[in-house]
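J.: Quick one, structure for this:
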Amino acid sequence: MTHQVVIRGTYERTVPVRFTTIAITDVVTAYDNTRLVTGMTIANETATARRADIHYYDGATDWLVWSESVGANSAINVPLLLRLYNGDKMKITAEAANALTVKPDVLIVDPKVGIQLADNFSIDT
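T.: Prediction:
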């Protein structure tokens, strides 16, 4: 069975974040209840594979939601569908400084409509 998601909104203009540290770093911060992270592109600009960890911060705890190695001189698309509420954050930990660049995809959901599930729900990965 597949399902379909109907989401009305506008993509937020986000900028790539270059990681100059291995410390956990904020990538997306929700200032209201309308943010939906729909994915991230992570690029590794070094000659060595590097791991990236994506964390969801709920205001109290950093929860690991994704972890994978990004190959040398390559990029990967990370499919996510995570609703952020006021004060929530998406954070990244890079295995090495000056190796990874992350570009998040964030949808600003229309608060009048929100997210609706239809009978044919599916997320392509």
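J.: Could you give the number of residues near Leu64?
T.: Leu64 has 11 neighbours, counted by other CB atoms under 10 Å. Any C-beta I mention is one placed from the backbone N, CA and C, and that applies to glycine too.
J.: Determine the three-state secondary structure at it.
T.: strand (DSSP: H, G, I helix; E, B strand; the rest coil).
J.: what's across from it in the sheet?
T.: Leu64 forms beta bridges with His55, as assigned by DSSP bridges.
J.: Also the one 4 residues further on?
T.: Per DSSP bridges, residues listed as beta-bridge partners of Glu68: Ala52.
J.: Enumerate every residue touching it.
T.: Arg51, Ala52, Ile76, Val78 (CB atoms under 8 Å, 6 or more residues apart in numbering).
J.: what does stretch 42-54 contact?
T.: So stretch 42-54 is contacted by 40, 64-76, 78, 80, 90-96, 98-103 (CB under 8 Å, 6+ apart).
J.: in that stretch, what counts as buried?
T.: Ile42, Ala43, Asn44, Arg50, Ala52, Asp53, Ile54 (16 or more other CB atoms under 10 Å).
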